[in-house]
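**Q** can't give you the sequence, but here's the structure:
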């Protein structure tokens, strides 16, 4: 058996067996994007890591080293945001070809530093090594949260509404423009979808605001794709979900790119991934309070896009007249697809 | 300018400029192997990361995946040991070709888990990604120490003795056997030097015991090579040092390998690196107390191998009749040598 046959999640499940039961200080361990660790007093320590690999997660022709630095920090900050936490300290493991220009590294660190500082955290260490073929950046990020404000994947209940910040699918529309350089769109459209792809804005204040309401039953950031990430919430919460196709927030820019490239914008929104929006579940009676809190604190709207149901439903996508026959390829992103 | 021209340390110095001054919560930041971060109460949080790259830090023909897992954890545990701390939580970023056998990953995790558990820590998370050409393992390790027991590089004083745990040069002798498979040695000799290279034992209890004496003025683990690591201590402490050639602890096994391969065993001991022994400085009047404490707690002897002097001396290697004319190539390990 080779690793791509299991995929990331299959492999993680298998490896968990080597580790035995987690000790009492591990609140959330292997299998989540962020580990939650008992700290002193009423605090939890959060720890997450994520890798950006040239040719896998980015192509150098379409991202500047400054943008890459911002992105490498942002995707980790997003994991802390999804827990309602505050990022504190960041370490960088940087693997580079020997002949990388120092200017490249300067610009990369300038982006890392800007995004880290914006999140109120600090770069405190790291490691450097030579890798001949590619640039690889591993970011390790620590964070903090108070115990009773921790957002987890595991608390969604039947009847809860499913809400998402901002738009879904912009990053996937940006990727389409990278793949098809011949496609011509208005500069404002290109900017919106390329910014979403290259320098996603982690929803940090949104996550903290959501946590502070005390009304959010489950939360995750949309990295693998909304359907796949909602699937993580459903498995952790032992529930199912229905997404309403006519309620999914898709930007005009993404609709434009989808139309010009012969795609269904719902595919971009539900399976694209890398949007780094927050997807949360909230009891219906608290939904407007939660939406008001986020728009009040940040100006960003949340959209209700579905409802949690029984586990036997799985994750369904339904149209205004019942079950939609959108053809959705099964499964999320396989990190080991050859 | 390309990164190999600056080397790791030159590059780190350059990148520090992007980061601005460290905040009050950063006790030790960029430039050390381990970050020291203010925690609640009288505790410090320690955070370190280190990468093992196939073809750079190991060759697959000479290390099993189980050994590689142990090594990847051990080199990080050693960084926490050098601070006198206790490892707590470990995250693993694993980058693999898609067609890696799952058995390989199983064995790797089994080694990671064994070494982590032995150190009293737990694997709590990580990340997986596809890297076509090589296996790459980034380990991120957290630890704890109490404030008044923290060991740093920066406290060495003129007149302090320089002590080291165990033997220096074994790992370099092991590397020589990997490079020259035609060299035949006794099985016990091969085992000693290969174990030192492949599955180094981090000096964790030794580090904690050294910290508990309250007599150690500076400490570092020997990863880049004893001379280079002593150089880090001297720069951080603004002192110089003299190493006495006739006092350097070199094993019979290393002497044998050096003799058979036409090397000076002192080169192996002083410039080989990867020994993961602890090098510490101690005021002379406390040296025997410190040595007794470590041998009492662990059975491992410390050897006095030199003395701290004024900064103007730099780091000198002197023989029994004064300055030795050992020809030592200048500089340590350049992580970006092409």
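**A** Yep, it's here. This is a predicted model, so every value here is computed, not measured. Numbering: from 1, shown residues only, chains lettered A, B, ... in the order given.
**Q** any idea how far chain B is from the most centrally placed residue in chain A?
**A** Against the mean C-alpha coordinate of chain A, by CA atoms, centre = their mean, the closest residue is residue A:223 at 3.0 Å. Counting by CB to the nearest CB, to the nearest Å, the gap from residue A:223 to chain B is 11 Å. (C-beta placed from N, C-alpha, C; glycine too.)
**Q** local confidence estimate at that residue?
**A** On the pLDDT scale, residue A:223 is placed at 94.
**Q** ditto for residue A:232
**A** Model confidence at residue A:232 (pLDDT) stands at 93.
**Q** then residue A:316?
**A** pLDDT at residue A:316 comes out at 89.
**Q** where along chain A do the helices fall?
**A** Using DSSP state H, the helices of chain A run over residues A:3-19, A:65-81, A:102-118, A:170-179, A:187-198, A:204-213, A:226-237, A:252-260, A:265-271, A:287-298.
**Q** most tightly packed of these?
**A** Highest mean neighbour count of the helices of chain A: helix A:65-81, a mean of 27 (counted as mean count of other CB atoms under 10 Å in any protein chain shown).
**Q** about what we covered before: dump the helices of chain A to JSON lines, plus distance to chain B.
**A** Below are those laid out as JSON lines (distance: least, CB to the nearest CB, whole Å):
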{"stretch": "helix A:3-19", "distance to chain B": "4"}
{"stretch": "helix A:65-81", "distance to chain B": "9"}
{"stretch": "helix A:102-118", "distance to chain B": "4"}
{"stretch": "helix A:170-179", "distance to chain B": "17"}
{"stretch": "helix A:187-198", "distance to chain B": "18"}
{"stretch": "helix A:204-213", "distance to chain B": "18"}
{"stretch": "helix A:226-237", "distance to chain B": "14"}
{"stretch": "helix A:252-260", "distance to chain B": "26"}
{"stretch": "helix A:265-271", "distance to chain B": "19"}
{"stretch": "helix A:287-298", "distance to chain B": "25"}
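**Q** next, count neighbours for the closest residue to residue A:320 other than its chain neighbours.
**A** The shortest distance from residue A:320 to any non-neighbouring residue, by CB to CB, 6 or more residues apart in numbering or on different chains, is to residue A:246 (5.1 Å). Residues within reach of residue A:246, counting by other CB atoms under 10 Å in any protein chain shown, total 11.
**Q** same deal with residue A:134?
**A** 18.
**Q** contacting residues for it?
**A** Residues in contact with residue A:134 (CB atoms under 8 Å, 6 or more residues apart in numbering or on different chains) are A:53, A:54, A:55, A:95, A:97, B:131, B:133.
**Q** take those residues and keep only those in strands.
**A** A:53, A:95 (DSSP state E).
**Q** between the contacts of residue A:134, which sits nearest residue A:208?
**A** For residue A:208, the nearest member of these is residue A:53. The distance, counting by CB to CB, is 30.0 Å.
**Q** what bridges to that closest one?
**A** On the basis of DSSP bridges, residue A:53 is bridged to residue A:136.
**Q** for the residue of chain A most remote from its centre, which non-adjacent residue is closest in space?
**A** Taking CA atoms, centre = their mean, the residue of chain A most remote from its mean C-alpha position is residue A:99, at 32.5 Å. Of all residues not flanking residue A:99 in the chain, residue B:2 sits nearest, at 4.7 Å (CB to CB, 6+ apart).
**Q** and that neighbour, how many neighbours?
**A** When neighbours are defined as other CB under 10 Å, residue B:2 has 17 of them.
**Q** spit out the contact partners of residue A:93.
**A** Each residue near residue A:93 by CB under 8 Å, 6+ apart is listed here: A:126-129, A:137-140, B:49-51, B:93, B:138, B:140.
**Q** quick one: buried ones out of the residues you listed?
**A** Using 16 or more other CB atoms under 10 Å in any protein chain shown as the burial test, the contacts of residue A:93 include A:126-129, A:137-140, B:49-51, B:93, B:138, B:140 as buried.
**Q** want to throw the residues you listed into TSV with distance to residue A:306 and pLDDT?
**A** Shown next, in TSV, are the buried ones among the contacts of residue A:93 (distance: CB to CB, whole Å; pLDDT from 0 to 100):
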residue	distance to residue A:306	pLDDT
A:126	40	90
A:127	42	90
A:128	45	91
A:129	44	92
A:137	35	97
A:138	34	97
A:139	32	97
A:140	34	97
B:49	39	95
B:50	43	94
B:51	41	95
B:93	33	95
B:138	37	97
B:140	35	97
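**Q** among those, which are in strands?
**A** Using DSSP E, these in strands are A:126-129, A:137-140, B:49-51, B:93, B:138, B:140.
**Q** which among those residues gets closest to residue B:185?
**A** residue B:50 (29.4 Å).
**Q** what about residue A:301, distance to chain B?
**A** Taking CB to the nearest CB, one finds residue A:301 at 31 Å from chain B.
**Q** tell me how many other residues crowd that residue.
**A** 14.
**Q** can you give me the pLDDT of it?
**A** pLDDT, read off for residue A:301, is 97.
**Q** if we can go back for a sec, wait, doesn't the residue farthest from the centre of chain A sit right on residue B:4?
**A** Yes - with contact defined as CB atoms under 8 Å, residue A:99 reaches residue B:4; the gap is 6.8 Å.
**Q** mind putting the buried ones among the contacts of residue A:93 into TSV with distance to residue B:8?
**A** Listed next are those as TSV, based on distance: CB to CB, whole Å:
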residue	distance to residue B:8
A:126	10
A:127	9
A:128	5
A:129	8
A:137	16
A:138	16
A:139	18
A:140	18
B:49	14
B:50	12
B:51	12
B:93	19
B:138	16
B:140	18
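**Q** let me know the closest of the residues you listed to residue B:79.
**A** residue B:50 (7.0 Å).
**Q** could I get the contacting residues of the closest one?
**A** Residues near residue B:50 by CB under 8 Å, 6+ apart: A:93, A:127, B:33, B:72, B:75, B:76, B:79, B:138, B:139.
**Q** let's see it at 7 Å
**A** Shown in contact with residue B:50 (CB atoms under 7 Å, 6 or more residues apart in numbering or on different chains): A:127, B:75, B:76, B:79, B:139.
**Q** so what pairs up with the first one in the strands?
**A** Think residue A:127. Those that pair with residue A:127 in a beta bridge, by DSSP bridges, are residue A:93.
**Q** can you give me phi and psi for residue A:42?
**A** phi -100, psi 20 (degrees, to the nearest 10).
**Q** now it: closest residue in space, sequence neighbours ignored.
**A** Spatial nearest neighbour of residue A:42, chain neighbours left out: residue A:147 (5.0 Å); criterion: CB to CB, 6+ apart.
**Q** also residue A:25?
**A** Using CB to CB, 6+ apart, the nearest residue to residue A:25 is residue A:38, at 4.2 Å.
**Q** does the one you found really touch residue A:28, like I thought?
**A** No - judged on CB atoms under 7 Å, residue A:38 makes no contact with residue A:28 at a distance of 10.7 Å.
**Q** do you know the pLDDT at the closest residue to residue A:132 other than its chain neighbours?
**A** Of all residues not flanking residue A:132 in the chain, residue A:97 sits nearest, at 5.7 Å (CB to CB, 6+ apart). Residue A:97 is assigned a pLDDT of 94 by the prediction.
**Q** my guess is residue A:97 contacts residue A:136, does it?
**A** No - between residue A:97 and residue A:136 there is no contact under CB under 7 Å: 10.2 Å.
**Q** of the two, who's got more company?
**A** residue A:136 (26 against 18).
**Q** low-confidence regions, the stretch 1-150 of chain A specifically.
**A** Judged against pLDDT under 70, the stretch 1-150 of chain A has no low-scoring part.
**Q** if we can go back for a sec, who wins for most neighbours among the contacts of residue A:134?
**A** Busiest of the contacts of residue A:134 [other CB under 10 Å] is residue A:95, holding 28 neighbours.
**Q** separation between that one and residue B:140?
**A** Using CB to CB, to the nearest Å, residue A:95 is found at 14 Å from residue B:140.
**Q** could you do residue A:1 as well?
**A** 27 Å.
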